[in-house]
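K.L.:
Build me a structure from this.
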Amino acid sequence: MKRVLLALVLLAGLAQAGTEAVRLRLPGGWVQGYAEADVLVFKGLPYAHADRWRAPQRVDAWPGVLRAQQPGPICPQKGSITVRLGRLAGRYLPPASEDCLNLNVWVPVQDPPAGGWPVMVFVHGGSFTGGSGSEPIYDGARLARRGVVVVTFNYRLGPFGFLALPELARRDPHGSTGNYGLLDQIAAFAWVRRQIAGFGGDPRNVTAFGESAGAMALCTLLASPLARGAFDRAVLESGGCNYVYTPEEAYARARRFSEQVGCALDDLACWRALPPEELVALVPSETDFEKVPFKPVLDGYVLTEPPERALAAGRAARVPLFVGTTADEYRLDATAPDDPAKSTWAGVEALIRSKEGSRAAEVIRHYRARFDRALDAYYAYMGERILICPTYRAGRLAARWAPVYGYRFGYQSPLWPELGSMHGMELPFVFDTRTIWPFWAFFATADVQEQSDGLARAVQQAWTAFARGEAPRAGWAPAPRLGGGWLLGFDRRWGWRADDWDTRCALWGADEPIPNR
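P.N.:
Next comes the predicted model:
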């Protein structure tokens, strides 16, 4: 086919060493990015504009040449890991602004194949309150070198993205409130469908992949009638479909938040007048994901029924899925070894009783039988309850209607063995950003980097094979279908691993949706 990117015009070199400026003509105007080695990069492209607590409005045109050489503003957030780690590493991070709906694109410099490159769109995590598609750990250059177009984007967070107010619902033409961040994500995928052909991507072959809250959002979008057709397949990394609030739960959260803010629930003028930095400063900090203050809402418009119920009944999007978790999700809780509430049996049993009610004794027996150390039981209980089993359950429910493949990521850095294969550990392998802070700490020696090179290639091979429409594979090993007793395993080596999710998740309903979730 005729080269799609012939419109690129090489310009004078940018201030960045080793890069050249490039211009690309899109339907809405010219954009100027840069070429770095064998990848073309465009950053900070606006995909939508949104006023506070209103649906995003698409952006398709702009005057003159749109400079796309630096990331755009991140969305307002309260001292998230994005901000803290960026400052610690001395890395450039764009300022926060409510006008934050922008995205980044990485494109192979070679001529695209007939129809265009497969497209991979990443949805970042951060408990729905933090994060950005422009974090250096999500740099898409190395992934793009494997023959895909990579897109990352921002979406509204915290109260800007997920605050549900009854008065907003009354004034909304659809009676909706609380899902502004999901509407942003839908708008970003719509932009990709409209515009990605101009970058050499195939708009008919879009794979969504997300981690943690990003995976939870994608799993939720599977059930949204507004997101039908947004993407062709999805990778769910450590996140399932049960992280939504009912309207009653969301309004109760909003009521408590309004007491902190000092605005009555129905006083929208007061809410809209609050400076963004003041609003995010009042967001409560919560390390237990089940208690985070802001999540998607069953509003009757964006989400018309609990996502797990839609999956089970076949009313969700029937697209292929690749789902999995790390082996030791909750070992990211670095405070646990020194906290008696998490490292002693008395503390762990009290925690289980506080969460499990009438079935606490059964749950305690289950983890007592599996573990000698209370700390190990704590890690397993929290990880399986919150992340591992909901991800598995989403895959099992979806597998009734579409191809679903499973993986388990088990790599443990020899430099930090106590953290095991904790939450997010697959990310530096998916993006091959092992030398980027904070992941650099896990690969700080040349030996460890070299020893993990093969695993990075295997992970990227699996993710990009799935994006091409194939079964995920690592070397010789294609991923088996979920439910057949095997998973695609990634640890120091890769290949098939026995699937023990049924055993680990028997307490959490491996095959049926959780009521109202």
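K.L.:
Under a three-state scheme, what state does the closest residue to residue 179 other than its chain neighbours occupy?
P.N.:
Nearest non-adjacent residue to residue 179, counting by C-beta to C-beta, 6 or more residues apart in numbering: residue 302, 4.1 Å away. Any C-beta I mention is one placed from the backbone N, CA and C, and that applies to glycine too. Under DSSP: H, G, I helix; E, B strand; the rest coil, the three-state class of residue 302 is coil.
K.L.:
Quick check, residue 302 in contact with residue 224.
P.N.:
Yes. Residue 302 is in contact with residue 224 according to C-beta atoms under 8 Å; the separation is 5.5 Å.
K.L.:
returning to that earlier point: for the residue nearest to residue 179, give me its contacts.
P.N.:
176, 179, 182, 183, 224, 226, 296 (C-beta atoms under 8 Å, 6 or more residues apart in numbering).
K.L.:
Also residue 433?
P.N.:
136, 137, 138, 139, 142, 427, 439 are the contacts of residue 433 under C-beta under 8 Å, 6+ apart.
K.L.:
Wait, a strand at it?
P.N.:
No. Secondary structure of residue 433 (three-state DSSP): coil, not part of a strand.
K.L.:
biggest strand in the chain by residues?
P.N.:
Across the chain, the longest stretch assigned as strand under DSSP state E is strand 201-211.
K.L.:
gap between it and the chain center?
P.N.:
13 Å (C-alpha atoms, centre = their mean, to the nearest Å).
K.L.:
helices and strands around the next helix-or-strand element following it, which ones?
P.N.:
Proceeding N to C from strand 201-211, the next assigned helix or strand is helix 213-221, under DSSP states H and E. The helices and strands touching helix 213-221, judged by 3 or more C-beta pairs under 8 Å, 6 or more residues apart in numbering; DSSP states H and E, are strand 117-123, helix 180-195, strand 201-211, strand 233-237.
K.L.:
Would you mark the buried spots in helix 213-221?
P.N.:
Buried residues in helix 213-221, counted by 16 or more other C-beta atoms under 10 Å: 213, 214, 215, 216, 217, 218, 219, 220, 221.
K.L.:
quick one on the thing from earlier: tell me the predicted confidence for the residue nearest to residue 179.
P.N.:
pLDDT recorded at residue 302 is 98.
K.L.:
Go ahead and list the helix or strand containing residue 497.
P.N.:
Assigned by DSSP H and E, residue 497 falls in strand 494-498.
K.L.:
picking up where we left off before, would you mind giving the contacts of residue 302 as TSV with neighbour count added?
P.N.:
Below are the contacts of residue 302 laid out as TSV (neighbours: other C-beta atoms under 10 Å):
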residue	neighbour count
176	20
179	27
182	26
183	23
224	24
226	20
296	26
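K.L.:
Turn those residues into CSV, columns for distance to residue 65 and pLDDT.
P.N.:
Below are the contacts of residue 302 laid out as CSV (distance: C-beta to C-beta, whole Å; pLDDT from 0 to 100):
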residue, distance to residue 65, pLDDT
176, 37, 96
179, 35, 98
182, 32, 99
183, 29, 99
224, 36, 98
226, 33, 98
296, 37, 98
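K.L.:
closest to residue 122 among these?
P.N.:
Closest to residue 122 out of the contacts of residue 302 is residue 182 (15.9 Å), distances taken as C-beta to C-beta.
K.L.:
Below-threshold pLDDT in the chain: ranges please.
P.N.:
Across the chain, the ranges flagged by pLDDT under 70 are 1-19, 79-93, 286-288, 476, 510-517.
K.L.:
Give me the most central residue, it.
P.N.:
residue 214 (2.1 Å; C-alpha atoms, centre = their mean).
K.L.:
List the contacts of it.
P.N.:
Listed by C-beta under 8 Å, 6+ apart, the contact partners of residue 214 are 122, 123, 124, 125, 237, 239.
K.L.:
pretty sure the fifth one contacts residue 211?
P.N.:
Okay, so that is residue 237. Yes. Contact between residue 237 and residue 211 holds when scored by C-beta under 8 Å: they sit 4.1 Å apart.
K.L.:
higher neighbour count, the two?
P.N.:
A side-by-side neighbour count of residue 237 and residue 211, using other C-beta atoms under 10 Å, places residue 237 first with 29 against 25.
K.L.:
partner residues bridging that one?
P.N.:
Beta bridges link residue 237 to residue 211, residue 324 when assigned by DSSP bridges.
K.L.:
okay, now residue 337: neighbour count?
P.N.:
So residue 337, with other C-beta under 10 Å, has 12 neighbours.
K.L.:
Run a quick neighbour tally on residue 431.
P.N.:
Using other C-beta under 10 Å: residue 431 sits among 26 other residues.
K.L.:
from what I can see it touches residue 133, true?
P.N.:
No. With contact taken as C-beta under 8 Å, residue 431 and residue 133 are classed as non-touching, separated by 11.8 Å.
K.L.:
The host helix or strand of residue 454: which residues count as buried?
P.N.:
Element membership of residue 454, judged by DSSP H and E, is helix 446-467. Residues of helix 446-467 classed as buried by neighbour count (16+ other C-beta under 10 Å): 452, 455-467.
K.L.:
all helices for the stretch 51-200 of the chain, in order.
P.N.:
81-89, 141-144, 158-162, 166-171, 180-195 (DSSP state H, counting those that start in this stretch).
K.L.:
list the helices and strands the shortest one packs on?
P.N.:
What it means is helix 141-144. strand 39-46, strand 102-108, helix 446-467.
K.L.:
at 10 Å instead, please
P.N.:
If contacts are counted by 3 or more C-beta pairs under 10 Å, 6 or more residues apart in numbering; DSSP states H and E, helix 141-144 sits against strand 39-46, strand 102-108, strand 117-123, strand 149-153, helix 446-467.
K.L.:
What pairs with the helix or strand just after the helix holding residue 454, parallel or antiparallel?
P.N.:
Next helix or strand after helix 446-467 toward the C-terminus (DSSP H and E): strand 473-474. Applying DSSP bridges, strand 473-474 is found paired with strand 477-478 (antiparallel).
K.L.:
next one: the partner strand to chain centre, how far?
P.N.:
For strand 477-478, the distance to the chain centre is 25 Å (C-alpha atoms, centre = their mean).
K.L.:
Which SSE is immediately downstream of it?
P.N.:
Defined by DSSP H and E, the subsequent element after strand 477-478 is strand 486-490.
K.L.:
list the helices and strands that following strand packs on?
P.N.:
Counting contacts by 3+ C-beta pairs under 10 Å, 6+ apart, strand 486-490 is packed against strand 321-326, strand 404-409, helix 446-467, strand 473-474, strand 477-478, strand 494-498.
K.L.:
Turn these into JSON lines, including distance to residue 423.
P.N.:
Formatted as JSON lines, the helices and strands packed on strand 486-490 follow (distance: least, C-beta to C-beta, whole Å):
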{"stretch": "strand 321-326", "distance to residue 423": "6"}
{"stretch": "strand 404-409", "distance to residue 423": "10"}
{"stretch": "helix 446-467", "distance to residue 423": "16"}
{"stretch": "strand 473-474", "distance to residue 423": "21"}
{"stretch": "strand 477-478", "distance to residue 423": "25"}
{"stretch": "strand 494-498", "distance to residue 423": "19"}
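K.L.:
All set, thanks.
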